[in-house]
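Q: What follows is a predicted protein model with its sequence.
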Amino acid sequence: MDRLNPNTTNATPDPALRAVDRDDVVTTGGATSAFDPWSYRDDAGVAGTNLIGYKVEATDGSIGKIDSDSSEVNASYLVVDTGPWIFGKKVMLPAGTVNHVDHDEQKVFVDRSKDQIKAAPEYDDTINDPSYRDKLGGYYNDTYAATPPGGLR
């Protein structure tokens with residue numbers, strides 16, 4: 001398993017310290033970057049790892065297990081089987097929602113609440129359809145500002 005070097009300075013700011021303005025630009029400690037729903041954060045700890053089977057934790061509890069994933073450049077995502085949580089439905093989470101990965105516990109932590117994930121556009125297995133991706137990416141971009149700062153890590 002690839003792990004990021006904790007002594008390396010990453011371009012992506014620590015999400016626990018962020019402040020978000022009206023343009024969905026993240027600013028921390030002098031670094032600035034826009035929320036990118038379809039790319040994993042540099043410090044998330046994904047680094048080419050197969051995440052299928054990992055459990056997924058929202059800010060307020062478990063939501064299910066990863067059924068499939070993609071690490072395609074600018075098109076990365078997770079498909080999560082929610083099991084009994086929302087009656088066996090699947091949800092697609094853009095990679096930008098991943099806060100960090102604990103490979104020892106095989107858990108992926110996302111920076112959205114269960115309610116935010118439940119309210120997302122319904123999963124559509126035509127994952128590569130641009131209109132679906134735009135709709136889903138727009139939803140998560142809009143919820144980015146609504147993410148409670150204390151709900152991370």
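A: Nice, thanks for sending it over.
Q: Just give the number of residues close to D134.
A: 10 (other Cβ atoms under 10 Å). Heads up, the C-betas are built off the backbone N, CA and C, glycines and all.
Q: Which neighbouring elements make contact with the helix or strand hosting it?
A: Following DSSP states H and E, one finds D134 within helix 130-144. With contacts taken as 3 or more Cβ pairs under 8 Å, 6 or more residues apart in numbering; DSSP states H and E, helix 130-144 sits against strand 90-94.
Q: Could you list the paired strands of the strand it packs on along with their orientation?
A: strand 77-81 (antiparallel) (DSSP bridges).
Q: Give me the contacts around the strand it pairs with.
A: 38, 51, 56, 63-70, 88, 90-95, 98, 108, 123, 127 (Cβ atoms under 8 Å, 6 or more residues apart in numbering).
Q: Filter these down to the buried ones and express that as a ChimeraX selection.
A: For the buried members of those, the matching ChimeraX selection, counting by 16 or more other Cβ atoms under 10 Å, is:
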select :38,51,56,63,64,65,66,69,70,90,91,92,93,94,95,98,108,123
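Q: Now, the contacts of strand 77-81 that are in strands?
A: 56, 63-70, 90-94, 98, 108 (DSSP state E).
Q: average pLDDT for whichever strand or helix holds I117?
A: Per DSSP H and E, I117 falls inside helix 114-118. Averaged across helix 114-118, pLDDT comes to 93.
Q: List the buried residues of it.
A: Neighbour count says helix 114-118 has 114, 116-117 buried, by 16+ other Cβ under 10 Å.
Q: Contacts made by that helix with the rest, please.
A: By Cβ under 8 Å, 6+ apart, helix 114-118 touches 58, 60-61, 63, 85-86, 91, 93, 110, 143, 146-147.
Q: which parts of the helix holding D134 are buried?
A: Of the residues in helix 130-144, those buried (16+ other Cβ under 10 Å) are 132-133, 136-137, 139-141, 143-144.
Q: Distance from the chain centre to the helix holding I117, please.
A: 12 Å (Cα atoms, centre = their mean, to the nearest Å).
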